[in-house]
Structures are given as structure tokens and as C-alpha cells.
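> sequence plus the predicted model coming up.
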Amino acid sequence: MITPEYCVAMARYNAWQNRQLKAAFEALPAAELTKNRKAFFGSLLGTANHLLWGDLMWMSRFDGGTAPEGGIGGSTGLCETGLAWSVERFRADARILLWAEGLHAVDLVGDLTWWSGALGREMRKPRSLCVVHMFNHQTHHRGQIHAMLTAAGAVAPVSDLPFMPEDGPWL
């Protein structure tokens, strides 16, 4: 279904997008980050926090590392400020990139089994599907953030994959 090269490309894309979001967030007053914009996860920061929480949860399943505390309901409060979010986002992006760069084709085959707090039961799905889901989930929520930034009158980042720099910097 996917290759290690795909994972590296998506990890780089993720880091590139999040660097741009960091810059966009820094250009906004703090109140604009936490303003309820009636999005699914409320605010810009709430949505960014949920996305970070989801990445950390999936990475814990892929690399066996630390998972975030709490469930989806508390994911919007993961970081209280834009600055705290940017620090944790940088760490998560480095974790994702290092993981992707270390993948071999065999690491993407077989099933992944995990406990889903959202569904309250054990899940079992193809590992490659779960990896694709993590990257798709990122794109989905960054699209929401892009729309909220635009509605707030901010300059939203370039998100087109073909326009990603070929040589980084990724983090």
C-alpha cells in the first residue's frame, strides 16, 4: 500500500506545514488563537492541540513511545499557549521524521492492534492503513486551521504538496 519513502515525504510535509502554522500563530494575538470559532475543536489552538494529541497517540502505537494522557475530549487542552504548542509540535515532528527515516518496507506490513478509547474496544487494522490515516488526519485538521486563519484575516500557509521545498529545512 505505501513505502518508507512515502512516509518520509509525508513526515517532511507535516513538519513543513507545522513550521508555517507556527509562524502564522506567532503573528496573531494570543486571544485570536483561543477564540471559539465554532469549529469542531473550537479554536485554532484547540484544533492544533487535537492534531498534536492525535499524532502523539498514533506514534505511541507505531514506535512504542510515550502516548499523551487523556482522551479525545481533553485533546484540545494539551498545550495552554501557542508557545507551548510550538515546542511540543517541534518535538512531535522530530519524532515522526526520525521514525519515518528509520522505516523499512517490512515495518509497514501486517496488522496493528491497539485499544481505541474512542470506540471502547480493541482494534486491529493493517499497519499501512493506520500510517496513511495518521498523515490524512494531519491534512484534514490543518485544512480546518487554514480555513480559520483565513477567516481571522491572517495569512494562511501554502499547503500544496508540490510546492514543498525539496531540501528542507524540515524542522
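It's in.

> quick one: contacts for residue 18?
89, 90, 93 (Cβ atoms under 8 Å, 6 or more residues apart in numbering). Glycine gets a C-beta too; all of them are placed from N, C-alpha and C.

> okay if I get the residues you listed as TSV plus neighbour count, secondary structure and distance to residue 108?
Listed next are the contacts of residue 18 as TSV, based on neighbours: other Cβ atoms under 10 Å; DSSP: H, G, I helix; E, B strand; the rest coil; distance: Cβ to Cβ, whole Å:
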residue	neighbour count	secondary structure	distance to residue 108
89	24	helix	25
90	15	helix	25
93	22	helix	20
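
> closest to residue 33 out of the residues you listed?
Of all these, residue 89 has the smallest distance to residue 33: 13.2 Å, by Cβ to Cβ.

> quick one, phi/psi of the residue lying closest to the closest one once chain neighbours are set aside?
Nearest non-adjacent residue to residue 89, counting by Cβ to Cβ, 6 or more residues apart in numbering: residue 18, 5.2 Å away. Note on residue 18: its backbone torsions stand at phi -70, psi -30 [degrees, to the nearest 10].
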